[in-house]
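**Student:** This is a predicted model, with the sequence first.
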Amino acid sequence: MRQLHPGDQVDHYQIESVVALGGMASIFRANDLRTSQPVALKVPHPEAECDPVFFDRFHREMEIGKKLNHPAILKVFDDGRHSRIYMVTEWVEGRLLRQILAEQGKLPINRAVWFALEICVALDYMHREGVVHRDLKPENIMVDSSDRVKIIDFGIASNAGSRRLTFGKLSHVMGSPDYISPEQVKGKRGDGRSDVYALGVILYEMLTGRAPFTGSNPFAVMNARLGNDPTPPREINPEVSPQLQAIVCRALARDPQNRYATASKMAWDLSHQDQVAVQVAPFAKSKDVKKQSWDWVRRFLHLAKHS
């Protein structure tokens, strides 16, 4: 199959423009000739269609997308047989949260909390449907003109009842280094609490204008996550209340058992901040965690290399 270009037609979709070019697929804005409504088409590059790992991943993303039906999650349409491999989704007018953060740095407190609440509601629905995103980050959150969010890109999500997929490329195994949870670094598949951790990182970034962990390379970032505590948000942005800081710190707990068990519990705290207990020490210390962290990163790299 040849690469599509604006002006081409595939089945009943007229390609209008290129929205994004990725390493394995392109996203186009298209017109549905049956309804005259805009849609987005995600079309694998011709060489990627022959990659069995990518093929499985792409179909997993379609399978999950068709299963989910929530206003804060990008809708994937099931419109019958296709003449080639592609995915049809709703068209969303908006920007990525990453673009907003790049332009504005930290966000006003109320707006950051609003986005976090919107994401919590979507995560709660998703997790009750047996889906864990596993790659939640500002690049995978769309924001429309009314500040409503859409979670996108379920390429490495896990789906209850489906077989586990592994990927040879490190980025596919681990998600994004800035947002991956400590248990995923340790080689575990992760559950809903892993998405809660990623949301904690996003909320920290929205409140402070920077990620909680940094390093000279992705592996240093992962090691920092396992062995260090981030700077408390209030030390960077004094406008963050002690209660909101406590929420962020609980979402970022290294041990999943100390984290919010569900996104709905985090949402409740965000909506009732006056009832949140304030910690004297924002982050609990763990003995010998720094000595063990590089061992976990090395083990993770070994698993990723041989997956």
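**Tutor:** Yep, it's here.
**Student:** and the closest residue in space to Ile247 that isn't next to it in sequence, what helix or strand is that in?
**Tutor:** Among residues not flanking Ile247 along the chain, Asp269 sits closest, at 5.1 Å (CB to CB, 6 or more residues apart in numbering). Every C-beta, even on glycine, is put in place using the N, C-alpha and C of the backbone. Secondary structure from DSSP states H and E places Asp269 in helix 263-271.
**Student:** Also Pro38?
**Tutor:** strand 37-44.
**Student:** before we move on, the earlier item: for the helix holding Asp269, which positions count as buried?
**Tutor:** 263, 266-267, 269-270 (16 or more other CB atoms under 10 Å).
**Student:** pLDDT added to those residues, as CSV?
**Tutor:** Formatted as CSV, these follow (pLDDT from 0 to 100):
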residue, pLDDT
Ala263, 98
Met266, 97
Ala267, 98
Asp269, 97
Leu270, 98
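**Student:** Among those residues, which one lies nearest to Phe115?
**Tutor:** Closest to Phe115 out of those is Leu270 (10.4 Å), distances taken as CB to CB.
**Student:** surely that closest one meets Phe115?
**Tutor:** No - look at Leu270 against Phe115 with CB atoms under 8 Å: they stay out of range, at 10.4 Å.
**Student:** Backbone dihedrals for Met206, please?
**Tutor:** phi -70, psi -30 (degrees, to the nearest 10).
**Student:** before we move on, what about Ser26?
**Tutor:** Main-chain torsions, Ser26, degrees, to the nearest 10: phi -120, psi 150.
**Student:** just checking, it touches His45?
**Tutor:** Yes - under the criterion of CB under 8 Å, Ser26 makes contact with His45 at 6.8 Å.
**Student:** Report the set of residues contacting both of those two.
**Tutor:** When contacts are counted by CB atoms under 8 Å, 6 or more residues apart in numbering, Ser26 and His45 are jointly contacted by Gln3.
**Student:** next structured bit after the helix-or-strand element of the chain with minimal mean pLDDT?
**Tutor:** Sorting the helices and strands of the chain by mean pLDDT, DSSP states H and E puts helix 170-174 at the bottom, at a mean of 45. Proceeding C-terminally, helix 170-174 gives way to helix 182-185 as the next helix or strand, assigned by DSSP H and E.
**Student:** who does that next one touch, helix- and strand-wise?
**Tutor:** helix 192-208, helix 218-227, helix 289-305 (3 or more CB pairs under 8 Å, 6 or more residues apart in numbering; DSSP states H and E).
**Student:** how does it look with 10 Å?
**Tutor:** helix 170-174, helix 192-208, helix 218-227, helix 289-305 (3 or more CB pairs under 10 Å, 6 or more residues apart in numbering; DSSP states H and E).
**Student:** ok, now which ones touch the closest residue in space to Ser26 that isn't next to it in sequence?
**Tutor:** Closest residue in space to Ser26, ignoring its immediate chain neighbours: Val43 at 5.5 Å, by CB to CB, 6+ apart. Shown in contact with Val43 (CB atoms under 10 Å, 6 or more residues apart in numbering): 1, 3-4, 10, 13, 15, 25-28, 30, 49, 84-87.
**Student:** repeat that for 7 Å
**Tutor:** 4, 25-26, 28, 86 (CB atoms under 7 Å, 6 or more residues apart in numbering).
**Student:** how many other residues sit next to the closest residue in space to Lys75 that isn't next to it in sequence?
**Tutor:** Excluding its sequence neighbours, the residue lying closest to Lys75 (CB to CB, 6+ apart) is Glu90, at 4.4 Å. Other residues near Glu90 come to 13 when the count uses other CB atoms under 10 Å.
**Student:** Wait, Glu90 touches Ile73, no?
**Tutor:** No - look at Glu90 against Ile73 with CB atoms under 7 Å: they stay out of range, at 10.0 Å.
**Student:** Mind jotting down where the strands sit in the protein?
**Tutor:** Counting by DSSP state E, one finds strands in the chain at the ranges 9-10, 13-21, 25-32, 37-44, 76-77, 87-90, 94-96, 131-132, 141-144, 149-151, 158-159.
**Student:** Which one of those has the poorest average confidence?
**Tutor:** Set side by side, these show their lowest mean pLDDT on strand 158-159, which sits at a mean of 83.
**Student:** Show me what it is packed up against.
**Tutor:** For strand 158-159, the packing partners by 3 or more CB pairs under 7 Å, 6 or more residues apart in numbering; DSSP states H and E come out as helix 52-67.
**Student:** so who does the residue nearest to the spatial centre of the chain touch?
**Tutor:** Centroid check for the chain by CA atoms, centre = their mean gives Leu136 as the closest residue, at 1.2 Å. By CB under 7 Å, 6+ apart, the contact list for Leu136 reads 179, 195, 198-199.
**Student:** at 8 Å what do you get?
**Tutor:** Neighbouring residues of Leu136 by CB under 8 Å, 6+ apart: 119, 123, 151, 179, 195, 198-199, 202.
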